[in-house]
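Participant: Any chance you can model this:
(one chain, ligands or ions: 1)
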Amino acid sequence: MKELTDLLAQLVEIDSVNPSLVPGGAGELAIARFVAGWLEKAGLETTIEEIAPGRFNVIAIARGQGQDGGKSRSLLLNAHLDTVGTGNMQNPLKAEISGGRLYGRGALDTKGGLAAYMLAAAQAKKLNLPGDIILAAVADEEFASLGTEALVARWQADAALVAEPTNLEIVSTHKGFVWIEIETFGLAAHGSRPQAGVDAIAKMGKVLVEIEKLGGKLALKPPHPLLGTPSIHASLITGGQEWSTYPDRCHLSVERRTLPGETDAIVKAEIAGIIAGLSEADPDFKASYKLTFSREPLEVDPRSPILQSIVAQSNLLTGAANVVGFSGWTDAALLNAANIPALVFGPKGEGLHGAIEWVDLESVEKCCEVVLAIAIDFCV
Ligand SMILES: [Zn+2]
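Facilitator: Below you'll find the model as predicted:
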């Protein structure tokens, strides 16, 4: 317990604010050096990879002894090194311990899980398991997931665990998202001359009405058993030049949260349908749209060996194995899309991205125990 708490405290005390979120943020180099040094001392083969200028992943392997033609299964343990900014936290890097909790930026998101996974990998190394344990401490999860994107381009494994906080529940599925930009085009004219102008903002109003209607329809779809229904909402809107002018442009950003099975093509067809319908009904309605970014949902097959293993080991060690859905998006989806079935499993706490962030130390220890048990059970 003390070893794990000390390790976690050291991780929290190293500033690793994501520099893409907070200009001048410390980034991952200092924490990557610490993590690599610790894992090397534990006997793992460790490298630091610069995956983008100034951004670093740590890869550490507890090499399996079963070099039997690659038949033994390998397990990838993924946790991110970066944190969000410290905002108006008091002592964000102090790692204060009180009442069984450790406080500080990143304690929960996701240094608690990282510490648990590191110690589990170190213990697995001592056991000389047949299969490889690959610990990947990655950069940039909080912004663009550069770390895990680089990871899946270079590494493979038979399954993965991702250390986001889950209250020791097992996340086997979560939503994805698609970002869409819509622009309506009007005609600029003096505000006193309605016959000469077309109001692009009012035209966007029609789009907003349809977006809300679509949201209503999505909410009536048969719900996914763990994720509920998909959704769509407006995010940002801009338009117009000045008070006395018909606006010639209006720009809307929209987000569609997707369920497993819902693709970019489906979302594109929904938006195309809205634009086509409005164009048909109103000859002055002119708009364009594009999908600018998307992330796939996650869904791991219940029969997959990693899910069966985590359920069995959680039952043994915690007396419960709750398989749940998660509404947000995680790096697990990138691993899963790269043919590495990935589950999210991490400790308990509160204050993710908030002013007071803490992790429950007992749950960090339990997380470590379960992950080690999975390694033993799975890497055969
Ligand atoms: Zn996180």
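
Participant: Burial check on the closest residue to residue 113 other than its chain neighbours, number of neighbours?
Facilitator: Distances taken as Cβ to Cβ, 6 or more residues apart in numbering put residue 163 closest to residue 113, at 2.7 Å, once the chain neighbours are dropped. Yep, even glycine has a C-beta here, placed from its N, CA and C like the rest. Residue 163 sits with 29 neighbouring residues when counted by other Cβ atoms under 10 Å.

Participant: contacting residues for residue 163?
Facilitator: 77-80, 110, 112-114, 116-117, 344-346, 367 (Cβ atoms under 8 Å, 6 or more residues apart in numbering).

Participant: if you set the cut-off to 6 Å instead, what comes out?
Facilitator: 79, 110, 113-114, 117, 346 (Cβ atoms under 6 Å, 6 or more residues apart in numbering).

Participant: just these that are near the ion?
Facilitator: On the criterion Cβ under 5 Å from the ion, residue 110 are the entries of those that sit beside the ion.

Participant: residues in contact with residue 105?
Facilitator: Contacts of residue 105 were listed using Cβ under 6 Å, 6+ apart, and they are 83, 86, 89, 92, 357.

Participant: at 10 Å what do you get?
Facilitator: Neighbour list for residue 105: 12, 15-17, 83-87, 89, 91-95, 111, 351, 353-355, 357 [criterion: Cβ atoms under 10 Å, 6 or more residues apart in numbering].

Participant: Assign a three-state SS to it, would you?
Facilitator: At residue 105 the chain is in coil, as set by DSSP: H, G, I helix; E, B strand; the rest coil.

Participant: Then residue 171?
Facilitator: Classification of residue 171 using three-state DSSP returns strand.

Participant: Just give me the neighbour total for it.
Facilitator: Residue 171 has 25 neighbouring residues, counting by other Cβ under 10 Å.

Participant: wait, doesn't it sit right on residue 336?
Facilitator: No - under the criterion of Cβ atoms under 10 Å, residue 171 makes no contact with residue 336, lying 11.5 Å away.

Participant: Give me the common contacts of those two.
Facilitator: Counting by Cβ under 10 Å, 6+ apart, the shared contacts of residue 171 and residue 336 are 162, 298, 300, 330, 342-343.

Participant: Help me confirm that residue 253 is found in a strand?
Facilitator: Yes - assessed with three-state DSSP, residue 253 lies in a strand.

Participant: how close does the residue nearest the centre of the chain get to residue 109?
Facilitator: The chain has residue 330 as the residue nearest its centroid, 2.1 Å off, counting by Cα atoms, centre = their mean. According to Cβ to Cβ, to the nearest Å, residue 330 and residue 109 sit 11 Å apart.
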